[in-house]
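S.K.: Sequence and predicted structure are below.
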Amino acid sequence: MNKMKNIMFFALTLFAVFGCADDLEFNTPAMVGKKDGEPWRGKYYAADIDEGGLVVQGGTSYETLSLVTTLDNVGTYYLGGDNQNEARFTDAYGVTYSTLNAPDPSVQVYPANGEIEIIDFDKPTNTVTGKFKFNAFSEDGLTSVNFIQGEFYKVPLIGGLLVTGGGTSCQQAQKISDEAASALAASSSELPEYAELCNAYKDALVVQSNSCGDTSGVLQAAIDALGDCNP
């Protein structure tokens, strides 16, 4: 009997631990999902209401994900077909996938599809929360990317977010880079968090280079000057 009680207690403990872990995942703003079956998480994210629609964008050092709806109301917005809502993803090689692109019949018989669900606008924090899933294709229709279990949680509505060709946002990249530079400048190489702040600035510079271009080589020079971020 005691053994059975111990097993039940252990099971309840595991449930409590993993249940709390699930809750903690979205205690802070986030943009996550599964890309082609693998976990994906944005290092940066932002949202904006533009021309009556919503733009939610997130990315890593080399990838950018943009979700665009034609209206900014709570509800479900379908992707693919004649719908002008769009999910757009640019990978590390600069290939852009969009739900507005049609697949090549030789590789895919099913069209681009999916949905973006706006769940909540939180006025006190000026943030937006929702879910998404989609299949998107490259411009030539020969390759695709799949996102499932996508969620954006309390993503801040910053304003001034531009979504240009390729799913990138130069303005947002510059803003993040400036903030990262300021944080690093306020630190010191003698402090333990210096390396983390330095690497964050390097990542931001890479995103800015991918989003805005770097024909002059200034951004790459700044990246190189940071070295390996060791004090």
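M.R.: Perfect, I can see it now.

S.K.: and residue 178, how many neighbours?
M.R.: By other Cβ atoms under 10 Å, the residues close to residue 178 number 13. (C-beta placed from N, C-alpha, C; glycine too.)

S.K.: Wait, a helix at it?
M.R.: Yes: under DSSP: H, G, I helix; E, B strand; the rest coil, residue 178 sits within a helix.

S.K.: And it, how close does it get to residue 58?
M.R.: 18 Å (Cβ to Cβ, to the nearest Å).

S.K.: could you pull out the strands for the chain?
M.R.: Here the chain has its strands, by DSSP state E, at 30-35, 38-41, 44-50, 53-59, 64-68, 75-79, 86-90, 96-98, 113-122, 127-138, 144-156.

S.K.: Lowest mean pLDDT across those strands, which one is that?
M.R.: If you rank these by mean pLDDT, strand 44-50 sits at the bottom with a mean of 87.

S.K.: What is that one packed up against?
M.R.: If you count contacts as 3 or more Cβ pairs under 8 Å, 6 or more residues apart in numbering; DSSP states H and E, strand 44-50 packs onto strand 53-59, strand 144-156, helix 170-185.

S.K.: ok and it relative to strand 64-68, angle-wise?
M.R.: Computed by axes from the mean of the first three to the mean of the last three Cα atoms, to 10 degrees, the angle separating strand 44-50 from strand 64-68 equals 30 degrees.

S.K.: Could you check strand 44-50 and say which residues are buried?
M.R.: Buried residues in strand 44-50, counted by 16 or more other Cβ atoms under 10 Å: 44, 45, 46, 47, 48, 49.

S.K.: how about the residues you listed in CSV, adding distance to residue 190?
M.R.: Output for the buried residues of strand 44-50, formatted as CSV (distance: Cβ to Cβ, whole Å):
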residue, distance to residue 190
44, 27
45, 32
46, 32
47, 37
48, 39
49, 43
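
S.K.: Out of those, which is nearest to residue 93?
M.R.: Within the buried residues of strand 44-50, proximity to residue 93 (Cβ to Cβ) peaks at residue 44, which comes in at 19.9 Å.

S.K.: Quickly list what that closest one is bridged to.
M.R.: residue 59 (DSSP bridges).

S.K.: Is it correct that it is in contact with residue 177?
M.R.: No: with contacts counted by Cβ atoms under 8 Å, residue 44 stays clear of residue 177, the gap being 10.1 Å.

S.K.: Need the nearest residue in space to the residue positioned nearest the centre of the chain, chain neighbours excluded.
M.R.: Note on the chain: the residue nearest the mean C-alpha position is residue 58, at 2.6 Å, using Cα atoms, centre = their mean. What sits nearest to residue 58 in space, not counting adjacent residues and going by Cβ to Cβ, 6 or more residues apart in numbering, is residue 42, at 2.9 Å.

S.K.: mind listing what that neighbour touches?
M.R.: 30, 31, 32, 58, 59, 60, 65 (Cβ atoms under 8 Å, 6 or more residues apart in numbering).

S.K.: Distance check, the fourth one against residue 228.
M.R.: Same thing as residue 58. 27 Å.

S.K.: next one: the third one
M.R.: Counting by Cβ to Cβ, the separation of residue 32 from residue 228 is 29 Å.

S.K.: more neighbours, the two?
M.R.: A side-by-side neighbour count of residue 32 and residue 228, using other Cβ under 10 Å, places residue 32 first with 18 against 8.

S.K.: ok, that one - contacts?
M.R.: 25, 39, 40, 41, 42, 149, 150, 151.

S.K.: Cross-check the contact I'm expecting between residue 131 and residue 148.
M.R.: No: in this structure residue 131 lies outside contact range of residue 148 using Cβ under 8 Å: 10.2 Å.
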